[in-house]
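**Q** need a 3D model of the sequence below.
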Amino acid sequence: MNPVEDRVAILLSTYLFEGLPPAALEPLARSSSIRRVVRGEYVFHVGDHADILYVVASGQVKDSIVTEDGDEIVHSFFGPGMVIGEPGFFSAERNRVMALVAVEPSTVLLLDREHLLPFLQRHPDVTTRALEGLASIARSQTELITALARRSLHDRLVLRLLDLAETNTERPDGAAVTPRISQSTLASMVGVSRENVNRAIGALVASGSVRREAGRYVLVDPATLRREVSSGWPPLVRRNRRSDRLARPAT
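**A** Next comes the predicted model:
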């Protein structure tokens, strides 16, 4: 496979471009670029100009901010096939409000404004998908904010684990797995102390709902967990940010 075909395969792995004819994506693939980053390297910083959309081709990245006290607050993790940067790219301000950092050695595909906007004009259905993706982001954040205010720690933790697991494809046995994440980071994401998260994780492990594997959390039956935490609530929003197929290695 040649480099253009590799990049077309990466684009087809995303919710934005999935299902389009490969020939239609070739001009965009040719105009794209590849960036490889090492663990801990910044893809972009808070305040950077938002003139690029990113697609994760391999590895794992996270978006986060650092508080005045030096504490890192992680917002989301992103795995292969996930698109990053829509809010900044489409906003009037066109700047980044969070930083993007590699969690492990990663490869990202870059789509710049100069070439992506004409493509969107030629393919209005892709623009509609982008709007749906932005709406999904907004709704999922509203859901999580509501959960932090009104839900039990158990529900908040399960919601976050489900959200994190969406950065990876489900396993053949139907289980879902999160990226590697420390309990301190997980605690900051649900708004409690590490000790409280440790106890809540212990309860989930004891119930058989979750397993620990090398710093990751395996959700044995994610569909059941999702039904349990959504009982009596409006349907939970799943992020419309990735396809279930992994992107092929970048060239």
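**Q** which residues of the chain fall in strands?
**A** 33-37, 42-44, 52-58, 61-66, 72-78, 83-84, 99-102, 106-112, 176-177, 210-213, 216-219 (DSSP state E).
**Q** just so I know, which of these lies nearest residue 139?
**A** strand 72-78 (14.2 Å; CB to CB). For glycine as for every other residue, the C-beta is placed from the backbone atoms N, C-alpha and C.
**Q** what angle do that closest one and strand 52-58 make?
**A** Angle of strand 72-78 versus strand 52-58, following axes from the mean of the first three to the mean of the last three CA atoms, to 10 degrees, is 70 degrees.
**Q** contact partners of strand 72-78?
**A** Applying CB atoms under 8 Å, 6 or more residues apart in numbering, the contact partners of strand 72-78 are 56, 60-67, 84, 98, 103, 163-164, 167, 178-179, 181, 185, 188-189, 241.
**Q** okay, residue 243: pLDDT?
**A** What the model reports for residue 243 is a pLDDT of 42.
**Q** surely residue 116 is in contact with residue 55?
**A** No: between residue 116 and residue 55 there is no contact under CB atoms under 8 Å: 11.2 Å.
**Q** any idea how the protein splits into domains?
**A** Following automatic domain parsing, one finds the domains of the chain at 3-136, 150-230.
**Q** between those, which gets nearest to residue 142?
**A** domain 3-136 (10.6 Å).
**Q** of the contacts of strand 72-78, just the buried ones, PyMOL syntax please.
**A** Buried residues among these (16 or more other CB atoms under 10 Å), as a PyMOL selection:
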select buried, resi 56+60+61+62+63+64+84+98+103+163+164+167+178+179+181+185+188+189+241
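**Q** returning to what we had before: possible to save the strands of the chain as JSON lines with mean pLDDT and distance to residue 194?
**A** Shown next, in JSON lines, are these (pLDDT from 0 to 100; distance: least, CB to CB, whole Å):
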{"stretch": "strand 33-37", "mean pLDDT": "97", "distance to residue 194": "28"}
{"stretch": "strand 42-44", "mean pLDDT": "96", "distance to residue 194": "25"}
{"stretch": "strand 52-58", "mean pLDDT": "96", "distance to residue 194": "28"}
{"stretch": "strand 61-66", "mean pLDDT": "90", "distance to residue 194": "17"}
{"stretch": "strand 72-78", "mean pLDDT": "85", "distance to residue 194": "14"}
{"stretch": "strand 83-84", "mean pLDDT": "94", "distance to residue 194": "27"}
{"stretch": "strand 99-102", "mean pLDDT": "95", "distance to residue 194": "21"}
{"stretch": "strand 106-112", "mean pLDDT": "97", "distance to residue 194": "26"}
{"stretch": "strand 176-177", "mean pLDDT": "90", "distance to residue 194": "21"}
{"stretch": "strand 210-213", "mean pLDDT": "92", "distance to residue 194": "15"}
{"stretch": "strand 216-219", "mean pLDDT": "92", "distance to residue 194": "15"}
